[in-house]
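**Student:** Below are the sequence and a predicted model for it; my questions follow.
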Amino acid sequence: MKLRIDDMTCEGCARAVTRTIQRLDPGAQVQVDRPGGTADVTTQAEGEALVSALTKAGYPAQILAA
């Protein structure tokens, strides 16, 4: 799935986004495009759970493609 992630301004933010996703699904594969503000995620977790967790972590997110 492809996620739009706001407020991801540095590599530390990108690592925090990856950690947040992998807390929900330790086997998730995450490819972050920090300049583009997106992440491609292969996961068993539900999209809405990811959006909620990322938003709570300070990175408002939305699903662009499932």
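**Tutor:** Yep, it's here.
**Student:** Can you give me the buried ones in the lengthiest helix in the chain?
**Tutor:** Longest helix in the chain, counting residues (DSSP state H): helix 11-24. Using 16 or more other Cβ atoms under 10 Å as the test for burial, helix 11-24 gives Cys13, Ala14, Ala16, Val17, Thr18, Thr20, Ile21, Gln22, Leu24. The way it works is simple: take the backbone N, C-alpha and C, and place the C-beta from them, glycine included.
**Student:** roughly how far apart are the last one and Gly36?
**Tutor:** Spelled out, it's Leu24. 22 Å (Cβ to Cβ, to the nearest Å).
**Student:** try Gly58
**Tutor:** 19 Å.
**Student:** One more: Lys56?
**Tutor:** Computed as Cβ to Cβ, the Lys56 to Gly36 distance reads 23 Å.
**Student:** can you map out the strands along this protein?
**Tutor:** Counting by DSSP state E, residue ranges of the strands within the chain are 2-5, 29-33, 38-42, 61-65.
**Student:** Pick the most buried one from these.
**Tutor:** Per residue and on average, the most neighbours among these fall to strand 2-5, with a mean of 20 (mean count of other Cβ atoms under 10 Å).
**Student:** Direction included, what does it pair up with?
**Tutor:** strand 38-42 (antiparallel), strand 61-65 (antiparallel) (DSSP bridges).
**Student:** how about those strands in JSON lines, adding mean pLDDT?
**Tutor:** Formatted as JSON lines, these follow (pLDDT from 0 to 100):
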{"stretch": "strand 38-42", "mean pLDDT": "97"}
{"stretch": "strand 61-65", "mean pLDDT": "96"}
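**Student:** who has more neighbours, Gly58 and Gly36?
**Tutor:** Legend: neighbour count by other Cβ atoms under 10 Å for Gly58 and Gly36, higher for Gly58 (13 against 10).
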